[in-house]
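K.L.:
Okay, sequence plus prediction incoming.
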Amino acid sequence: MKTVHIKNDAGLLALALRLVVGWTYFSAFWRRTILADKLDPEVAGYIGEKFNAFLPHALGIKPIIQYLVENPDVLWINMVIFTIVEGVVGLFILFGLFTRIMSIGVFGLAMGILLGSGWIGTTCLDEWQIGVLGIATGFVLFLTGSGKYSLDNYLMKRNFAFTKTKWFNWLGSGLLPIKDSIFPKVVLIGSLFIFGMTLMTNQVFHGGLWGTLHNKSVKPKLEITNGEIQNNTLTFDVFRTEGVDVYGSWVISIHLYDQQNNLILEYSQEDLAILNKTSISNYYVAKVKPGTHSLIVPLGAKAKLNLEHDSLSNLPKGIYTLKITDISGAYWVHQIEK
């Protein structure tokens with residue numbers, strides 16, 4: 001019986017991986033520009049608000065995210081650039097054109113996803129998985145390049161002059177100009193680095209190695225800071241740091257108590273639903289705002305609330321307790337010294 005030997009082509013063997021990851025990134029561009037307009041800051045679903053949701057627990061890049069969400073014009077420019085980069089990287093990877101330089105793009109985009117939103121995911125640690133798998137995929141595609149079914153291969157077979165240069169092997173496809181004795185070490189070191197990044201972020205974001213498992217995307221959490229009572233006005237900052245990213249926290253009541261637990265001020269669900277927008281000063285693009293039945297606080301949103309009421313006039317000095325209650329029954333308290 002005659003045996004047929006098929007040449008093993010690493011780029012060809014990675015074809016399914018290349019097509020899937022290529023579409024994954026190109027589809028982001030497709031969704032935001034063709035299927036829906038997610039680059040319009042005035043339209044629901046604006047990608048900048050999604051980006052704002054990354055802020056509370058981003059790892060290492062939090063100052064960059066905070067700067068962007070505090071400056072909406074700069075944020076919009078960056079969201080447009082980011083979307084275009086995703087589209088170009090995804091399309092080039094799909095067609096196998098300049099595969100290795102585009103695989104670095106895959107690696108970088110995935111690293112951004114991992115560090116920015118690896119903590120988000122209500123059921124399966126969604127964003128963390130996308131990030132670490134994207135990093136690993138980018139590394140593999142850099143090592144393999146594209147195989148038979150790619151534009152890189154088409155260009156090389158047609159003997160275009162630039163495909164004969166050493167730099168094309170680094171940026172496109174073909175044999176990497178790395179010595180055989182060194183190549184296994186490059187693969188091992190790169191793989192161990194990515195595996196280490198996977199374990200480290202799994203622990204930091206979710207406690208996946210030791211200690212108590214946690215998921216910051218399940219229950220809403222509000223941080224209350226900078227509480228003050230001056231004249232007839234109560235001011236404080238509220239920042240939504242945890243919970244599901246696609247839903248807000250629905251605040252149904254705000255209470256203020258004195259040291260004897262006497263109720264000084266009450267804003268009911270109905271009061272908050274009609275709260276004057278001038279009483280809310282938002283810091284970021286994700287907005288705290290009155291809803292149909294409550295005050296809505298999206299993930300990553302931070303605002304200063306200014307509540308004026310006659311009951312706050314001439315209050316004696318002392319310690320007061322501010323209590324904010326969510327529709328889920330969860331509540332948060334903050335001590336204010338007058």
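P.N.:
Thanks, I have it. No experiment lies behind these values; they were computed from the predicted model shown.
K.L.:
how about the helices in the stretch 201-338 of the chain?
P.N.:
For the stretch 201-338 of the chain, helices defined by DSSP state H, counting those that start in this stretch occupy the ranges 269-273.
K.L.:
Might you report the residue contacts of residue 275?
P.N.:
By CB atoms under 8 Å, 6 or more residues apart in numbering, residue 275 lies in contact with 267, 290, 295. Backbone N, C-alpha and C define where each C-beta goes, glycine included.
K.L.:
Setting aside sequence neighbours, what's the nearest residue to residue 327?
P.N.:
residue 250 (4.1 Å; CB to CB, 6 or more residues apart in numbering).
K.L.:
In contact with the one you found: list those residues for me.
P.N.:
Residue 250 sits in contact with 291, 293-297, 326-328, where contact means CB under 8 Å, 6+ apart.
K.L.:
And for residue 274?
P.N.:
Contact analysis of residue 274 by CB under 8 Å, 6+ apart lists residue 290.
K.L.:
what stretches of the stretch 1-150 of the chain score poorly on pLDDT?
P.N.:
With pLDDT under 70 as the threshold, the stretch 1-150 of the chain has low-confidence stretches at 1-8.
K.L.:
can you tell me how far residue 35 sits from residue 88?
P.N.:
Residue 35 sits 18 Å away from residue 88, going by CB to CB, to the nearest Å.
K.L.:
per-domain residue ranges of the chain.
P.N.:
10-206, 221-337 (automatic domain parsing).
K.L.:
Can you get me a residue count around residue 167?
P.N.:
Using other CB atoms under 10 Å, residue 167 is surrounded by 10 other residues.
K.L.:
And the one 10 residues further on, by the same measure?
P.N.:
Neighbour count for residue 177, taken as other CB under 10 Å: 9.
K.L.:
What score does it have for pLDDT?
P.N.:
Here, the pLDDT recorded for residue 177 equals 90.
K.L.:
Would you map the strands across this protein?
P.N.:
Remark: strands assigned in the chain by DSSP state E are 221-230, 233-242, 249-257, 263-267, 280-282, 289-290, 295-297, 302-308, 319-326, 331-337.
K.L.:
what angle separates the third one from strand 302-308?
P.N.:
Angle between the axes of strand 249-257 and strand 302-308 is 40 degrees (criterion: axes from the mean of the first three to the mean of the last three CA atoms, to 10 degrees).
K.L.:
How far off centre is strand 249-257?
P.N.:
Put simply, strand 249-257 sits 28 Å off its chain's centre (CA atoms, centre = their mean, to the nearest Å).
K.L.:
Could I have the CA atoms of that strand written out in CSV?
P.N.:
Taking C-alpha atoms only, strand 249-257 is exported to CSV below (Å, rounded to 0.1, in the frame of the first residue of the first chain):
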residue,chain,number,x,y,z
SER,A,249,-27.5,49.8,39.8
TRP,A,250,-31.0,51.1,40.5
VAL,A,251,-30.9,53.3,43.6
ILE,A,252,-34.3,53.4,45.2
SER,A,253,-33.6,55.4,48.3
ILE,A,254,-31.2,57.8,50.0
HIS,A,255,-31.4,58.4,53.7
LEU,A,256,-29.5,60.6,56.2
TYR,A,257,-29.6,59.7,59.9
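K.L.:
average pLDDT for it?
P.N.:
96.
K.L.:
next one: the fourth one
P.N.:
In this model, strand 263-267 carries a mean pLDDT of 96.
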